[in-house]
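>>> Sequence and predicted model, in that order:
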Amino acid sequence: MNEDPQSPGKSLRTWILYGVIGIIALLFLSFFIESCDAEKIRICDDATGECTLESSCRPLLFDFFR
């Protein structure tokens, strides 16, 4: 029965490592997940008179620093 109990310090370092990896993964994903406003902006070209609706989407990370 060779059981190797983990020391409390090693367990704490493991949880900190998992936390750091999780935060890095969330930051990475926030560049690809977009936050969009509910309303769309109407943009019209004066030369042709053609109008399009565009949403004001931006990476989710920008909302954290607003």
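Nice, I can see it.
>>> Strands of this structure, residue ranges please.
34-44, 51-59 (DSSP state E).
>>> between the ones you listed, which gets nearest to residue 20?
Counting by CB to CB, residue 20 lies closest to strand 51-59 out of those; the figure is 21.2 Å. C-beta coordinates here come from the backbone N, C-alpha and C atoms, glycine included.
>>> who's in contact with the closest one?
30-37, 39-45 (CB atoms under 8 Å, 6 or more residues apart in numbering).
>>> By residue count, which helix of this protein is the longest?
Secondary structure of the chain per DSSP state H: the longest helix is helix 8-30.
>>> Could you pull out the buried residues of it?
Within helix 8-30, the residues scored as buried using 16 or more other CB atoms under 10 Å are residue 30.
>>> rewinding a little: to residue 17, which of the strands of the chain lies closest?
When those are compared (using CB to CB), the closest one is strand 51-59, at 26.2 Å.
>>> follow-up on the earlier one: quick one, which of the contacts of strand 51-59 has the minimum pLDDT?
On pLDDT alone, residue 37 ranks lowest of the contacts of strand 51-59, at 64.
>>> Which residue lies nearest the spatial centre of this protein?
The chain has residue 30 as the residue nearest its centroid, 1.5 Å off, counting by CA atoms, centre = their mean.
>>> And the contacts of strand 51-59, which of them are buried?
Among those, the ones that count as buried (16+ other CB under 10 Å) are residue 30.
>>> just the contacts of strand 51-59 now: which is nearest residue 11?
Distance to residue 11 across those (CB to CB) is lowest for residue 30, with 29.0 Å.
>>> so how far is residue 49 from the closest one?
38 Å (CB to CB, to the nearest Å).
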